[in-house]
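1. Below is the sequence, then the predicted model.
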Amino acid sequence: MYKKTNPKKIITSFLLLISFHLFAQPSPAESKEELPTDYLKKEFHEGRREALRQIMPDSSVIVVFAFPTRTFSNDVEYVYHANPDMYYFSGYKEPHSMLLIFKEEQSDADGNKFKEILFVQKKNAQAEQWTGKRLGVEGTNEKLGIKMALNGADFKNYTIDFSKFTKIIFDKFPDDIPNNYDNADLYDLVQQFKQKAEIPETLAKQTRFDTRSYRQLTGELRAIKTPEELDLLRKAVEISCQGQNEVMKAIRPDMSELEIQGLHEYVHKRYGAEGVGYGSIIGSGENGCILHYMENTKTKIGTSMILMDVGAEYHGYSADVTRTVPVDGKFSTEERAIYQLVYDAQEEAFKTLKDGSKFSDASKAAMDVIAEGLVKLGITKSKSEVHKYYPHGLGHHIGLDVHDRGAMSTLKKDMVITIEPGIYIPEGSNCDKKWWSIAVRIEDDLLITQNGYELLSHFAPRKIEEIEKLISQKSVLDNYKLPPLESGKKKGF
Ligand code: GLY
Ligand code: MN
Ligand code: MN
């Protein structure tokens, strides 16, 4: 049945609609202002290239290729994710590109001087109508401040004498590249580079063609975060914590894992995060025992605990935060015992952290607490069995990759790492049934400082009483009540 509507109201709404439409069209100048204003600046990328040059060997060149595009389905591609190295050293986020960074300044036959060359996607109005704006050569000059930018198609006939370099440093070539039959796609750039630089069939025992130094040199820089990167990471972490907090308040036993995932990711996007740094892990009960569970298909999460490992990606930087909470609002005796053990392990690991500390000390501290605790609870008979229920490492760097590049044997000021102990007791484990299907991971993101650390993810509670208190609160999301689907009423659904 339709509601009766007053004709006057219809005219007013029509006018409102027209005026909304007219005034809602932003002029090009206005629309620019509506973009985020906190992207990394070209000076950041330039600074990273300079820092790389400082640690590159004499007479060397580093070659960075874009990541390949990937097929999602038939003629549909996955949303493109730039190679973090390409982004870090240039700011360029498009596929089918190649960056050369030289230790020493180069000059070409026309007398142009340059320290890097970026081969980019050529501008193409038709392609841009389908897949979005391209920076092109001019945009790369202006927006990224890279003077020597050329179209990818120009690489084929570009004269560059690779034989003069003592070291040619690159990562393993991007594999499984779909060849688009375009004469300047990533496939061609890789083939032409191999030809021009005379890359041998096998790289084993090669020192001039150096794939080992690539990750070491880039990792050395990427592991230490600059103030600009820290701003973005702090934001990604805070947003992820707000997702955890809002979900803790909104969670109900009749919700599905997918719905919980949606609520986290809605909060992320509400705060401007473009996506997630990895597939969100929402595992209720037994599903929490699968370390990287991403199906999230359980339709009713029920009253057991739920493990939520979710990280917002903000302007390329990814957080990685896990909270494990009792859906019914109260930890049971067994859940409480396991949770407290993981919490204590995390606290012991925290105490070891500071500039110059060994990550192995943090790992050992956490492992010892869990190993002893499991024996005390009667879940294991000896400390050596700990790996059965704590089968992963304590943490990793975060940054442009959620498992970010860089060594971490010795921690240094301005590294950002996770500390994420966990205990997982799958059904059928060799212990009393009362422990089965309990899975707890607590994962926090920390900035290493001179004398200790800063807990970046302090926004989301970790203590048992604080979690129980938060779950009892109301959420703004409680009011989002959607009607059941019509199709859901049909037999068979
Ligand atoms: N979210 C994956 C991890 O914690 O490493
Ligand atoms: Mn992690
Ligand atoms: Mn995680």
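-> Received, thanks. Ligands and ions are numbered 1, 2, ... in the order given.
2. pLDDT on stretch 264-274, on average?
-> Average pLDDT, stretch 264-274: 98.
3. Alpha carbons only: can I get that stretch in PDB?
-> C-alpha atoms of stretch 264-274 as PDB (Å, rounded to 0.1, in the frame of the first residue of the first chain):
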ATOM      1  CA  HIS A 264      34.600  -3.600  11.600                       C
ATOM      2  CA  GLU A 265      35.200  -2.600   8.000                       C
ATOM      3  CA  TYR A 266      32.300  -0.100   8.000                       C
ATOM      4  CA  VAL A 267      33.900   1.600  11.000                       C
ATOM      5  CA  HIS A 268      37.300   1.600   9.100                       C
ATOM      6  CA  LYS A 269      35.800   3.200   6.100                       C
ATOM      7  CA  ARG A 270      33.800   5.700   8.200                       C
ATOM      8  CA  TYR A 271      37.100   7.000   9.400                       C
ATOM      9  CA  GLY A 272      38.600   7.100   5.900                       C
ATOM     10  CA  ALA A 273      40.600   3.800   5.700                       C
ATOM     11  CA  GLU A 274      40.600   2.700   2.100                       C
END
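4. and residue 265, what helix or strand is that in?
-> Here residue 265, judged by DSSP states H and E, is contained in helix 257-270.
5. How about residues contacting that helix?
-> With contact meaning CB atoms under 8 Å, 6 or more residues apart in numbering, helix 257-270 is reached by 239-240, 242-244, 246-247, 250-251, 275-276, 280, 282-284, 287, 295-298, 301, 306, 308, 310, 312, 477. Every residue, glycine included, has its C-beta placed from N, CA and C.
6. Which positions in this structure make contact with ligand 1?
-> Counting by CB under 6 Å from any ligand atom, the residues of the chain close to ligand 1 are 278, 309, 320, 420, 443.
7. run the last query once more with 8 Å
-> 277-278, 281, 291-292, 309, 311, 320, 322, 392, 396, 402-403, 418, 420, 441, 443 (CB under 8 Å from any ligand atom).
8. Tell me the buried residues within the residues you listed.
-> Buried by 16 or more other CB atoms under 10 Å: 277-278, 281, 309, 311, 320, 322, 396, 402, 418, 420, 441, 443, out of the residues of the chain next to ligand 1.
9. Pull the residues that contact stretch 334-343.
-> 305, 324, 326, 331, 369-370, 373-374, 377, 421-423, 425, 434-435, 438, 440-442, 462-464.
10. Could you do stretch 290-307 as well?
-> Contacts of stretch 290-307 (CB under 8 Å, 6+ apart): 251, 253-258, 260-261, 279-285, 287-288, 322, 324-328, 331, 335, 391-392, 422, 424, 437-441.
11. rerun that using 6 Å as the cut-off
-> The contact list for stretch 290-307 (CB atoms under 6 Å, 6 or more residues apart in numbering) reads 253-258, 261, 279, 281-285, 287-288, 324, 326-328, 335, 439, 441.
12. phi, psi of residue 100?
-> Torsion angles at residue 100 (phi, psi; degrees, to the nearest 10) stand at phi -110, psi 120.
13. my guess is it meets residue 117, correct?
-> Yes: between residue 100 and residue 117 there is a contact under CB atoms under 6 Å: 4.7 Å.
14. middle-most residue in the protein, spatially?
-> By CA atoms, centre = their mean, the chain has its centre lying nearest to residue 277, at 2.4 Å.
15. So residue 63 belongs to a strand, correct?
-> Yes: going by DSSP: H, G, I helix; E, B strand; the rest coil, the assignment for residue 63 places it inside a strand.
16. That one - how many residues pack around it?
-> When neighbours are defined as other CB atoms under 10 Å, residue 63 has 19 of them.
17. partner residues bridging residue 167?
-> residue 60 (DSSP bridges).
18. gap between it and residue 381?
-> In this view, residue 167 and residue 381 are 54 Å apart by CB to CB, to the nearest Å.
19. between these two, who's got more neighbours?
-> Between residue 167 and residue 381, counted using other CB under 10 Å, the more crowded position is residue 167 (17 against 11).
20. Check the nearest residue to residue 224 once chain neighbours are set aside and give its pLDDT.
-> Nearest residue to residue 224, sequence neighbours excluded (CB to CB, 6 or more residues apart in numbering): residue 414, at 4.9 Å. pLDDT recorded at residue 414 is 98.
21. Isn't residue 414 up against residue 225?
-> Yes: counting by CB under 6 Å, residue 414 does reach residue 225; the two are 5.2 Å apart.
22. When those two are compared, which one has more neighbours?
-> The neighbour comparison of residue 414 against residue 225 (other CB under 10 Å) goes to residue 225, with 24 against 16.
23. buried set for the helix or strand residue 187 falls within?
-> Applying DSSP H and E as the criterion places residue 187 in helix 186-196. Neighbour-count burial for helix 186-196, counted by 16+ other CB under 10 Å, picks out 186, 187, 188, 189, 190, 192, 193, 196.
24. Kindly calculate the angle that that helix makes with strand 60-65.
-> With axes from the mean of the first three to the mean of the last three CA atoms, to 10 degrees defining the directions, helix 186-196 sits at 160 degrees from strand 60-65.
25. which other residues reach helix 186-196?
-> Helix 186-196 has contacts (CB under 6 Å, 6+ apart) with 66, 68, 96, 98, 152, 155, 156, 162, 173, 177, 179.
26. how far away is the fifth one from residue 37?
-> For residue 152, the distance to residue 37 (CB to CB) stands at 31 Å.
27. ok, the two, which is more surrounded?
-> Neighbour tally, residue 152 and residue 37, criterion other CB under 10 Å: the higher count belongs to residue 152, 23 against 7.
28. check contacts around that one.
-> For residue 152, the contact set (CB under 6 Å, 6+ apart) comprises 96, 119, 184, 189.
29. Ligand 2: which of the residues you listed is nearest?
-> Comparing the contacts of residue 152 against ligand 2 with CB to the ion places residue 96 closest, at 31.1 Å.
30. hang on, the earlier thing: now list the buried members of the contacts of stretch 290-307.
-> Neighbour counting by 16+ other CB under 10 Å classes 255-257, 261, 281-285, 287-288, 324, 326-327, 335, 439, 441 among these as buried.
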